[in-house]
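[1] make a model of this:
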Amino acid sequence: MKKHRCGWCEGDALYEAYHDGEWGVPVYDDDTLFEFLILETFQAGLSWITILRKRENFRKAFDNFDYKKIAGYQQSKKDQLMEDAGIIRNRLKINATVSNAQAFMKIQDEFGSFSKYIWGFVDGKPIENKLKHYKDAPANTPLSDTISKDLKKRGFKFVGSTVIYAHMQATGMVNDHEIGCFRYNEV
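    Purely as a prediction, here's the structure:
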């Protein structure tokens, strides 16, 4: 019997595996939250499947998303990344990744972890939306506006409200699985 999935992922094995195993699962681990934040910033203006197909290349290029290493990248490393055809070669996004790693660690210093900071916006519990169809999901919300503004104030770049809402969906801060999707109740 075929499982019903959210319509956005159907027909692509990589998309379906991501949907079935990761998307919307609450993430409280700082390393994973950072990885998703960086991938979402690179996705700005592109499709998620483009980023997903390059994810392993991003992991290799960015030292497995080790934010402590990334925060110290010098110009030579940024230039090397600009030559890496396996990732999205956008100088502004590469530079933002370095400054975002630095800002990420400042939040950790202030709040004890990035997870405490980001999940504090939803009192530590996912928002349960009851979408009949994935196209009913908003691109952003007043809450993603608030988080975006706060992150920008803290020095983050490429963290507009739409990017932040996508991050909230991916990391389970909001459950935007269709109510008929087998993952809706699982996450």
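[2] what's the single longest helix in the chain?
    helix 91-111 (DSSP state H).
[3] contacts made by it with the rest, please.
    With contacts defined as Cβ atoms under 8 Å, 6 or more residues apart in numbering, helix 91-111 is touched by 30, 34, 37-38, 41-42, 44, 62, 67-68, 70-71, 73, 78, 81-82, 114, 117, 120, 151, 154-159. Just so you know, the C-beta spots here come from the backbone N, C-alpha and C atoms, and that holds for glycine as well.
[4] which positions in stretch 37-54 come out as buried?
    Leu37, Ile38, Leu39, Glu40, Thr41, Phe42, Gln43, Ala44, Trp48, Ile51, Leu52, Lys54 (16 or more other Cβ atoms under 10 Å).
[5] nope, stretch 144-158 is what I meant
    For stretch 144-158, by 16+ other Cβ under 10 Å, it's Ser144, Ile147, Ser148, Asp150, Leu151, Phe156, Lys157, Phe158.
[6] quick check: mean pLDDT of the longest helix of the chain?
    On average, the pLDDT along helix 91-111 is 98.
[7] what's the average pLDDT for the following helix or strand past it?
    As assigned by DSSP states H and E, the chain's next helix or strand after helix 91-111 is helix 114-119. Helix 114-119 comes out with an average pLDDT of 98.
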